[in-house]
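Engineer: Test case, fold it:
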Amino acid sequence: MANLIVVCGPQAVGKMVVAESLRDKLKYNMMMNHDSIEISDKIFGFDTPAQREFNEAFRGMAFDLAVKHDVDLVFTYVCAFEMQEERDYLTGLHDLFTKAGGEFYFVELSADLETRIVRNETPYRMERKASKKDLEWSRANLLRDAERHRLNSNEGETWFTHHLKIDNTNLTPDQVADLVIKEFGLVANEKDEKEYRFGV
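Structural biologist: As a prediction, this is how the structure comes out:
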């Protein structure tokens, strides 16, 4: 039975580093949203029909294989909370894992815009995400999406049974991961490092 932890939030809120901390503390495998974005961009170009289709297929196969082979997974995601199709997508992931006997945990991160603008330009973020190296475009994209979409849930809005919202403006990734582990009562797997973070 495979569990899925979705680490959700707006751009540059800290999803990747929180997910990496959860990966290392729990010995879960990890897929960033940018894993599929970067490879599909490299093959098919930015935001082309083929890129979007490959991106969707890449993620879908990864989730299916995680369930098939009982691989606990952490996944990072940016959600536009005002869009029903986003809720439908996440509900589909919830159902995929829970119907197979696993658990679905939804971790939502929030931070003020000024903090996210600073985090958007950290060297580590640019190292891990090639598409963010164009700082002018990346900043403009962050600001545009903040205006166009509701990137965090409203006060009291809960989508899932295991839904935890954390303001991580002043928290380290390890502090956030520890809060998640404690809240959900998660227990680390017994796995060799090469099984969950090979080459990372």
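
Engineer: use CA for all of it now, contacts and neighbours both
Structural biologist: OK.

Engineer: Summarise which helices and strands the longest helix seen in the chain is packed against.
Structural biologist: Counting by DSSP state H, the longest helix found in the chain is helix 49-68. Helix 49-68 makes packing contacts with helix 33-44, helix 84-98 when contacts are defined by 3 or more Cα pairs under 8 Å, 6 or more residues apart in numbering; DSSP states H and E.

Engineer: Try it again at 6 Å.
Structural biologist: Judged by 3 or more Cα pairs under 6 Å, 6 or more residues apart in numbering; DSSP states H and E, helix 49-68 is in contact with helix 33-44.

Engineer: what angle separates the helix it packs on from helix 49-68?
Structural biologist: Angle, helix 33-44 to helix 49-68, by axes from the mean of the first three to the mean of the last three Cα atoms, to 10 degrees: 140 degrees.

Engineer: ok, now how distant is the spatially most central residue of the chain from K42?
Structural biologist: Centroid-nearest residue in the chain, with Cα atoms, centre = their mean: T76, separated by 0.7 Å. Separation of T76 from K42 (Cα to Cα, to the nearest Å): 20 Å.

Engineer: that's a strand at M30, yeah?
Structural biologist: Yes - according to DSSP: H, G, I helix; E, B strand; the rest coil, the state of M30 is that of a strand.

Engineer: That one pairs with what?
Structural biologist: V74 (DSSP bridges).

Engineer: quick one on the thing from earlier: can you list contacts of the longest helix of the chain?
Structural biologist: For helix 49-68, contacts defined as Cα atoms under 6 Å, 6 or more residues apart in numbering pick out 2, 36, 40, 44.

Engineer: where exactly do the helices run in the chain?
Structural biologist: Using DSSP H, helices in the chain cover 15-26, 33-44, 49-68, 84-98, 113-119, 123-128, 135-148, 173-184, 193-196.

Engineer: Need those in CSV (columns: distance to H163).
Structural biologist: Output for the helices of the chain, formatted as CSV (distance: least, Cα to Cα, whole Å):
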stretch, distance to H163
helix 15-26, 15
helix 33-44, 19
helix 49-68, 20
helix 84-98, 12
helix 113-119, 22
helix 123-128, 26
helix 135-148, 22
helix 173-184, 9
helix 193-196, 24
